[in-house]
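Colleague: What shape does this take:
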Amino acid sequence: MSRNAPEVSSRAFRVGVAGCTAAAAAFLLARLTAWPPHEDEALALYVGRGSFDELLETVLGERGGAPLHFFFAWVVSHLGGGLGALRLVSALFAVASVPLIALLAARLTDRLTAVGAAALASASWIFLFHGVYARMYSIFLFTSALSYLALLWALREGGARRFALWAGAILLCVATHPYGALVLASQGIYVLLVRDRLRAAVAAFAAVAVLGTPFWIADLVLAGRFDVGLGGRGDKLGGPIAVVRYLGQVAADFSAGWVVLPVVLGLVGLGFRSLWRENRRGALLALVVFAVPVAAFTLARLGSSAAPETRHLIFALPFFTALLAAGLAAVGRSGHPLAPRAAAFVGTLLLAGGVTWAWDRTPALFTGDPP
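Modeller: All right, here's what the predicted structure looks like:
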């Protein structure tokens, strides 16, 4: 927690997080069916119509990818639900992610900043759109945030039970999306850097490596179907240029679009500097979370037909908004008489800008399917 942060009671923290969660739930439930159906949503429901054995054979042996998402589609289909029910699953996981984002940000910064981080995250296009898109990305956000929280708890408190809980959380994460491997890699690197309870952590990571075998096989099946890499069809730029352009799009979709991106990145940098001074381990974890995918994408072969999109880095959203909120907090504590009001004003603009960017990116999410 920042030594210079204003004190916020646990009750005020809970009220603030509950407000963010309620606002997210109200929007997602109200716009659950506004966006037109997508073929990938129909695919999940179609695969889920068969028996459980057929589901496993299709997902693990033929399609690859996201077993947990297809399991929920199977449950929805066999309960007689359709697209609305499957979208409700995405919305529920998105709403449940808001308190996790706040708790994770509170572990990195302080309670007031954590409420700001949760608000900024829940107003972003990546959150709002994937909260109604009946695929695996809100589940990915939830399970990844849960795994980071569980790891920090296990490293702080120790104990076989806590490491077992972390193992369960990260297994759910890697069962949700192949990029869960990046989450696992970031956590492994962080453990090696801080070297807390290293023996117990190594044992837990070894168990995850073994128990996650079906998911590694599913990822290999998916990789065999797509020439996975970065750059997209016809991309001739290659190397760091493609990575920088991609990360710029991610930052825009995590915040309020391209227009204010320089301001956002400046605040994120300010937030990281503040966090490095106040909580070096928290800053280190945030740094690793961003560095692992950057390194992976830089080393990947470019020019594939399966280039990553913003949604593939949704697991980094809590850390991005925590740094953004920390930057706003640092501005507010700068000592100028108008600094707190300026920080609050900019924060409000970013919240409104996030919703505006979501409207610009996916108008049908707000206006409904055109006639």
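Colleague: use CA for all of it now, contacts and neighbours both
Modeller: Noted.
Colleague: May I have the secondary structure class of Gly282?
Modeller: helix (DSSP: H, G, I helix; E, B strand; the rest coil).
Colleague: quick one: contacts for the closest residue to Leu222 other than its chain neighbours?
Modeller: What sits nearest to Leu222 in space, not counting adjacent residues and going by CA to CA, 6 or more residues apart in numbering, is Gly64, at 4.4 Å. Residues near Gly64 by CA atoms under 8 Å, 6 or more residues apart in numbering: Thr58, Ile217, Ala218, Asp219, Leu220, Val221, Leu222.
Colleague: Helices - which of those land there?
Modeller: Those of those mapping onto helices are Ile217, Ala218, Asp219, Leu220, Val221, Leu222, per DSSP state H.
Colleague: Those residues, buried ones only, as a ChimeraX selection?
Modeller: Of the ones in helices among the contacts of Gly64, the buried ones can be selected in ChimeraX as follows, counting by 16 or more other CA atoms under 10 Å:
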select :218,219,220,221,222
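Colleague: rewinding a little: distance check, the residue nearest to Leu222 against Val75.
Modeller: 19 Å (CA to CA, to the nearest Å).
Colleague: Name the single longest helix found in the chain.
Modeller: Taking DSSP H as the criterion, the chain has its longest helix at helix 83-108.
Colleague: Show me what that helix is packed up against.
Modeller: On a contact count with 3 or more CA pairs under 8 Å, 6 or more residues apart in numbering; DSSP states H and E, helix 83-108 meets helix 10-30, helix 39-47, helix 67-78, helix 111-122, helix 125-130, helix 137-157, helix 280-299, helix 317-332.
Colleague: what about Trp258, which helix or strand?
Modeller: Following DSSP states H and E, there is no helix or strand that holds Trp258.
Colleague: In this model Leu247 seems to touch it, though I could be wrong.
Modeller: No. Under the criterion of CA atoms under 8 Å, Trp258 is not in contact with Leu247, lying 11.7 Å apart.
Colleague: Which of these two has more residues huddled nearby?
Modeller: Set Trp258 next to Leu247 and count neighbours by other CA atoms under 10 Å: Leu247 wins out with 18 against 15.
Colleague: Could you list the buried residues of the strand or helix carrying the more buried one?
Modeller: For Leu247, the host element (DSSP H and E) is helix 239-254. Residues of helix 239-254 classed as buried by neighbour count (16+ other CA under 10 Å): Gly239, Ala242, Val243, Tyr246, Leu247, Gly248, Gln249, Val250, Ala251, Ala252, Asp253, Phe254.
Colleague: What does the pLDDT read for the last one?
Modeller: Predicted confidence (pLDDT) for Phe254: 96.
Colleague: The first one now?
Modeller: Confidence per residue is given as pLDDT, and for Gly239 that number is 66.
Colleague: re earlier: what's the closest of the contacts of Gly64 to Arg156?
Modeller: The nearest member of those to Arg156, counting by CA to CA, is Asp219 at 31.6 Å.
Colleague: Look up how far Tyr179 lies from that closest one.
Modeller: 9 Å.
Colleague: go on, Ala343?
Modeller: From Ala343 across to Tyr179, the span is 34 Å (CA to CA).
Colleague: Over to Leu265?
Modeller: 24 Å.
Colleague: In this protein, where is pLDDT below threshold?
Modeller: Scanning the chain for pLDDT under 70 picks out 1-7, 223-239, 301-307, 370-371.
Colleague: and if we set it to 50?
Modeller: Low-confidence segments of the chain (pLDDT under 50): 1, 226-237, 302-305.
Colleague: quick revisit: next, the angle helix 67-78 makes with the longest helix of the chain.
Modeller: Note on geometry: by axes from the mean of the first three to the mean of the last three CA atoms, to 10 degrees, helix 83-108 and helix 67-78 are set 140 degrees apart in direction.
Colleague: now helix 83-108, how far from the centre of its chain.
Modeller: 10 Å (CA atoms, centre = their mean, to the nearest Å).
Colleague: can you give me the angle it makes with helix 10-30?
Modeller: Angle, helix 83-108 to helix 10-30, by the same axes, to 10 degrees: 160 degrees.
Colleague: So which bits of helix 83-108 are buried?
Modeller: Buried residues in helix 83-108 (16+ other CA under 10 Å): 83, 85-108.
Colleague: and Leu193, how far is that from Ala150?
Modeller: 18 Å.
Colleague: Who has more neighbours out of those two?
Modeller: Ala150 (22 against 14).
Colleague: Does that one touch Ala164 like I think?
Modeller: No. Ala150 is not in contact with Ala164 according to CA under 8 Å; the separation is 9.3 Å.
Colleague: how close does Leu350 get to Val264?
Modeller: 9 Å.
Colleague: and if you look at Leu100?
Modeller: In terms of CA to CA, Leu100 sits 23 Å off from Val264.
Colleague: related to what we said a few turns ago, pick out the most distant pair among the contacts of Gly64.
Modeller: Pairwise distances across those peak at 13.8 Å for Thr58 and Leu220 (criterion: CA to CA).
Colleague: So what touches stretch 262-275?
Modeller: Stretch 262-275 is contacted by residues 2, 108-109, 251, 255, 282-283, 320, 323-330 when judged by CA under 8 Å, 6+ apart.
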